[in-house]
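> The sequence and its predicted three-dimensional model are supplied below.
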Number of protein chains: 2
Amino acid sequence: MIGKIFGIGVGPGDPDLITVKALKILRKANLIAYPAPEDGDSLARSIAAKHFPKGCAELVIKTPMLTDRFPAFEVYERASNTISKAANDGKNVVILCEGDPFFYGSFMYLFSRLKVNHIVEVIPGVSSMMACSAVLEAPLASRNDVLTVLPATLTDDELEEKMKLSDSIVIIKIGRHFPRIKALLKKTGLIQNAQYIERATMQNEKIIDIEKVDETMTPYFSMILLHSRKRAWV
Amino acid sequence: MIGKIFGIGVGPGDPDLITVKALKILRKANLIAYPAPEDGDSLARSIAAKHFPKGCAELVIKTPMLTDRFPAFEVYERASNTISKAANDGKNVVILCEGDPFFYGSFMYLFSRLKVNHIVEVIPGVSSMMACSAVLEAPLASRNDVLTVLPATLTDDELEEKMKLSDSIVIIKIGRHFPRIKALLKKTGLIQNAQYIERATMQNEKIIDIEKVDETMTPYFSMILLHSRKRAWV
C-alpha cells in the first residue's frame, strides 16, 4: 500500500483556527513535515503541535526566507525525495502550511514535485489575509469591489498603477519595504484609509497606527489593508 | 449581563472545513442567525447544522441575491434589531457566514449596524477562493505575484484593463455573465490558462472544461481561476 500525501493549511496563528478536516488528517499522520527558518522554530509546527499523534516522525524543512530570493531548489528537492520515499513505504505524510497552502506559501514547491508521482490532497486553510481583515474589523471586499493583493517588493510605479485600479488593497511582504510603502500611501492620499497589523491572531498580535510603526522593526508577518472608498459598505 | 455577538465563517461547503474556533463558539450559542435565499434553504445552515446546540433558537435572514442589486436595507435593519435585542437580553448570538465573513459576504451589512452598540467578534473562515484553488490544484499566488479578484459584473473594458496588470486572476459572481467572460478570455488569449469550477468542496462540486460549460446554467457559486504565466511556480 502506498501512503497518502496531504498539504494542510493550519491557519494564520491561533491554534483554534485550524479546520476540523485538517485535524482529522493530522491525527492519522505517520510523518509530519513543516517549514522552519534556518535559525528558529517552525511557526506551522507551533500552531499544530498539540494535535500531533504520539511519537509521530517529523521532517523539518529548513527554508530560506523567500522575500526576494528565488527559492532554494535543493531544499525542496531533498524534502520531496524524503516525503516521496515515506509515501512509497506506506506512510501517510502530512505537510503543514501556515495559513492557506496555495496563498503565497512555499508548499507549492513541494507540491509541484510530488504531484508528478503521487496524489497530493490539498486542504485549504484560513489565510492570513482573512485573519487580518477579521482582527482589524475591516471587511475585505463587497458587492462589485475589485480586491488586489500586492507584494511590497514591487516597484513604486507598479504599486501605484495597480492601486489606482483597485477598490480594496492588501499589501503583503512588507518587512524592510515599510518606509517606501508609507511614503507611497502618503503620496497617493490613501494613507488615511490604511490599517497596519502584525501577526494577526498570534499571541503577539499588534495593531499599530501606521504613522507610529517602528520602521526598523517591521516583521515579515505584517500587512496593510486599505479600501479606496473608506468603508463604503456601511 | 449583555450577550456576545459573533460572526463566524463556516467555510466553503464541506462541513469539516469549519474551524475549531467557530465550532466552540457555535456550541455555546443561544441564538443562531443565517442568511437564506428568498425561496430556498440556507447553505450556511446546512454546513453547520449538525453542530447546533439542541433546541437553540434560530433566525432566518431571507436575503435577496446581491449580484447587481443594492442590498435590501430593510432586511438587514430588521435582522440587526432582532440580534441586538437578543444580545441585550443576555443571549449569545452567532451569525453564520458562508466562506469567510468579510470576503464578499452579506455579513458586513449586519456588522456595520451591530458594531455601533455591541462588540462583534469576527472569526475568519476558509474562503471559497482558497477552496477552489485547492480543489483545482492551482496555486493562487507565489513570490511577487499580484493577485486580483474580479467580479464578473464589471464591464469588459474594466476587466481587460485589470487582468493585464495582474499575474493571478480570480473571477467571481459569474452567473449569467459567463458567455461574456468566456469571449473576453478568448480575446485576451488567456483562456488556455483558465480553469472553471462550481461549488468547490460541496457534494455537487464540478470541475468543467471551460469550453464545455453550459452557458445557460452557470450557478452563483462558480469561479474561474487563471494565472497569466501558466504554472510558473514549478
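Happy to help now that I have it. Owing to the predicted nature of the structure, the values given are computational and were not obtained by experimental measurement.
> what's near enough to touch A:Gly7?
If a contact means CB atoms under 8 Å, 6 or more residues apart in numbering or on different chains, then A:Gly7 has A:Ile95, A:Cys97, A:Pro101, A:Phe107, A:Leu110, A:Phe111, A:Val120, A:Glu121, A:Val122, A:Ile123 as its contacts. Glycine gets a C-beta too; all of them are placed from N, C-alpha and C.
> For stretch A:128-138, give me every contacting residue.
The contact list for stretch A:128-138, computed with CB under 8 Å, 6+ apart, reads A:11-14, A:17, A:98-99, A:103, A:139-140, A:149, A:170, A:172, A:195, A:197, A:200-201, A:205, A:207, A:221, A:223, A:225, A:227, B:9, B:100-103, B:111, B:115, B:120, B:122-125, B:127.
> Mind exporting the C-alpha coordinates of it to PDB?
In PDB, the C-alpha atoms belonging to stretch A:128-138 read as follows (Å, rounded to 0.1, in the frame of the first residue of the first chain):
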ATOM      1  CA  SER A 128      -3.500  35.500   7.000                       C
ATOM      2  CA  MET A 129      -5.400  38.000   4.800                       C
ATOM      3  CA  MET A 130      -8.800  36.900   6.200                       C
ATOM      4  CA  ALA A 131      -7.300  36.900   9.700                       C
ATOM      5  CA  CYS A 132      -6.000  40.400   9.300                       C
ATOM      6  CA  SER A 133      -9.400  41.600   8.000                       C
ATOM      7  CA  ALA A 134     -11.300  40.000  10.900                       C
ATOM      8  CA  VAL A 135      -9.000  41.300  13.600                       C
ATOM      9  CA  LEU A 136      -9.000  44.900  12.100                       C
ATOM     10  CA  GLU A 137     -12.800  44.700  11.700                       C
ATOM     11  CA  ALA A 138     -12.100  45.800   8.100                       C
END
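> Make CSV from the contacts of A:Gly7 and add neighbour count, secondary structure and distance to chain B to it.
Compiled in CSV, the contacts of A:Gly7 are given as follows (neighbours: other CB atoms under 10 Å in any protein chain shown; DSSP: H, G, I helix; E, B strand; the rest coil; distance: CB to the nearest CB, whole Å):
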residue, neighbour count, secondary structure, distance to chain B
A:Ile95, 28, strand, 13
A:Cys97, 27, strand, 11
A:Pro101, 30, coil, 7
A:Phe107, 31, helix, 8
A:Leu110, 26, helix, 11
A:Phe111, 25, helix, 7
A:Val120, 23, strand, 8
A:Glu121, 15, strand, 9
A:Val122, 28, strand, 4
A:Ile123, 29, strand, 7
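> right, is the longest helix seen in chain A up against chain B?
Under DSSP state H, the helix in chain A containing the largest number of residues is helix A:73-88. No. Against chain B, helix A:73-88 shows no contacts by CB under 8 Å from any CB of the partner chain, the least distance being 10.9 Å.
> Stretch A:177-196 now?
No. Using CB under 8 Å from any CB, stretch A:177-196 stays clear of chain B, coming no nearer than 11.4 Å.
> Ends of that stretch, what's the gap?
In stretch A:177-196, first residue to last residue: 14 Å (CA to CA, to the nearest Å).
> For the residue nearest the centre of chain A, give the beta-bridge partners.
Compute the mean C-alpha point of chain A, and by CA atoms, centre = their mean the closest residue is A:Gly99, 4.7 Å away. With DSSP bridges as the criterion, the beta-bridge partners of A:Gly99 are A:Gly11.
> who touches it in this structure?
For A:Gly99, the contact set (CB under 8 Å, 6+ apart) comprises A:Gly9, A:Val10, A:Gly11, A:Pro12, A:Gly105, A:Gly125, A:Val126, A:Ser127, A:Ser128, A:Ala131.
> Secondary structure of the last one: a helix, I assume?
Put plainly, it is A:Ala131. Yes. Counting by DSSP: H, G, I helix; E, B strand; the rest coil, A:Ala131 is found in a helix.
> Can you tell me the closest non-neighbouring residue to it?
A:Pro12 (3.6 Å; CB to CB, 6 or more residues apart in numbering or on different chains).
> thinking again about what came up before, which of the contacts of A:Gly99 sit farthest apart?
Spatial extent of the contacts of A:Gly99 (CB to CB) is set by the pair A:Gly105 and A:Ala131 at 14.4 Å.
> mind giving me the domain ranges of chain A?
What the record gives for chain A is the domain set A:5-126, A:129-227, from automatic domain parsing.
> What sits closest to A:Asp209 if chain neighbours are left out?
Using CB to CB, 6+ apart, the nearest residue to A:Asp209 is A:Tyr196, at 7.5 Å.
> Give me the distance from the helix or strand containing that neighbour to the chain's centre.
Using DSSP states H and E, the element containing A:Tyr196 is strand A:195-198. Here the centre of strand A:195-198 is set off from its chain's centre by 15 Å, with CA atoms, centre = their mean, to the nearest Å.
> hang on, the earlier thing: so what's the residue nearest to A:Asp209 bridging to?
Counting by DSSP bridges, A:Tyr196 is bridged to A:Ile208, A:Ile224.
> pretty sure it contacts A:Ile210?
Yes. A:Tyr196 is within contact range of A:Ile210, at 4.5 Å (criterion: CB atoms under 8 Å).
> Overlap of the contact sets of those two?
When contacts are counted by CB under 8 Å, 6+ apart, A:Tyr196 and A:Ile210 are jointly contacted by A:Ile224.
> out of these two, which sits in the busier spot?
A:Tyr196 (25 against 19; other CB atoms under 10 Å in any protein chain shown).
> Surely the residue nearest to A:Ala131 is in contact with B:Pro124?
Yes. Between A:Pro12 and B:Pro124 there is a contact at 7.4 Å, judged by CB under 8 Å.
> Neighbour count for the two, which is higher?
Neighbour count, other CB under 10 Å: between A:Pro12 and B:Pro124, B:Pro124 has more, with 34 against 28.
> where's the more buried one relative to A:Asp100, distance?
B:Pro124 sits 11 Å away from A:Asp100, taking CB to CB, to the nearest Å as the criterion.
> Name all residues that sit in contact with these two at the same time.
Residues within reach of B:Pro124 and of A:Asp100 at once, by CB under 8 Å, 6+ apart, are A:Val126.
> Just the endpoints, please. Distance across stretch A:146-160?
15 Å.
> pLDDT weak spots in chain A?
A:65-71, A:229-234 (pLDDT under 70).
> quick revisit: can I get the contacts of A:Gly99 in CSV including distance to B:Glu215?
What follows is the contacts of A:Gly99, written out as CSV (distance: CB to CB, whole Å):
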residue, distance to B:Glu215
A:Gly9, 33
A:Val10, 39
A:Gly11, 37
A:Pro12, 38
A:Gly105, 35
A:Gly125, 33
A:Val126, 34
A:Ser127, 32
A:Ser128, 37
A:Ala131, 37
